[in-house]
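>>> Next one to model:
(2 chains)
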Protein chains: 2
Amino acid sequence: MYGLIGKMLAAPGKREELLAILLENVGAMPGCLSYIIARDPDSEDGLWITEAWDSKESHAGSLQLPQVQATIARARPLIAGFGERFETEPLGGVGL
Amino acid sequence: MYGLIGKMLAAPGKREELLAILLENVGAMPGCLSYIIARDPDSEDGLWITEAWDSKESHAGSLQLPQVQATIARARPLIAGFGERFETEPLGGVGL
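Model prediction:
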């Protein structure tokens, strides 16, 4: 399995709008086992996305899906940057 | 919802043993929506645990469960310390 933990920074005042776009567009993607969108309670503009995929290739492939590309296009103007980013190797647990 | 992203550092040479204990003991816990155990591919001793709970109280309550306390007792000698730790506020996505 392949995992990602990443922090995204919304443009000032745009976090809720960005979250709404991400939440309304997240859905079934081939090989996606977990994709959780969260607010960072310790900042005004941060959000966390934690992901688990059956393979690194499935994650890379998802970025080519039309609905994902459409979401990225809508979200991009609301994103100021990125914070921490960690790759992981999920092994098991609840919710996979 | 309440979330945690945390890095645990195994004692030298003990990561696989620690992972095995965590993986074999993770199971249904009241209010637990996601609990994913992962290896850190960028270090020899790191592992990541990403969690989503229906509430902060459910997470706190889980630490009192007999099976969780038994797992903590078995795991503790294999844990050298902890790394990054982030609280999150999960909102939605896949795998909750």
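
>>> Chain A: helices as residue ranges?
A:15-25, A:56-62, A:66-75 (DSSP state H).

>>> Okay, buried residues for the first one please.
It stands for helix A:15-25. A:Arg15, A:Leu18, A:Leu19, A:Ile21, A:Leu22 (16 or more other CB atoms under 10 Å in any protein chain shown). For the C-beta atoms, the positions are set from N, CA and C on the backbone; glycine is no exception.

>>> Same check on stretch A:72-88?
Neighbour counts over stretch A:72-88 (16+ other CB under 10 Å) mark A:Ala75, A:Leu78, A:Ile79, A:Phe86, A:Glu87, A:Thr88 as buried.

>>> So which residue is smack in the middle of chain A?
Centroid check for chain A by CA atoms, centre = their mean gives A:Ile49 as the closest residue, at 4.1 Å.

>>> I'd assumed A:Leu18 was in contact with it.
No: the criterion here is CB atoms under 8 Å, and A:Ile49 misses it with A:Leu18 at 11.1 Å.

>>> Overlap of the contact sets of these two?
A:Met8 (CB atoms under 8 Å, 6 or more residues apart in numbering or on different chains).

>>> Only the C-alpha atoms, please, for the lengthiest strand in chain A, written as CSV.
Determined from DSSP state E, the single longest strand within chain A is strand A:79-94. Backbone C-alpha positions of strand A:79-94 (Å, rounded to 0.1, in the frame of the first residue of the first chain) are rendered in CSV as follows:
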residue,chain,number,x,y,z
ILE,A,79,-4.6,27.2,-2.3
ALA,A,80,-1.8,29.4,-1.0
GLY,A,81,0.7,26.6,-0.6
PHE,A,82,1.6,23.3,1.1
GLY,A,83,3.0,22.4,4.5
GLU,A,84,4.2,19.1,5.8
ARG,A,85,4.2,16.1,3.5
PHE,A,86,5.0,12.6,4.5
GLU,A,87,4.9,9.4,2.4
THR,A,88,3.9,6.3,4.3
GLU,A,89,3.6,2.6,3.8
PRO,A,90,0.2,1.6,5.3
LEU,A,91,0.1,-2.0,6.6
GLY,A,92,-3.3,-2.4,8.2
GLY,A,93,-5.8,-1.2,10.7
VAL,A,94,-9.4,0.0,10.7
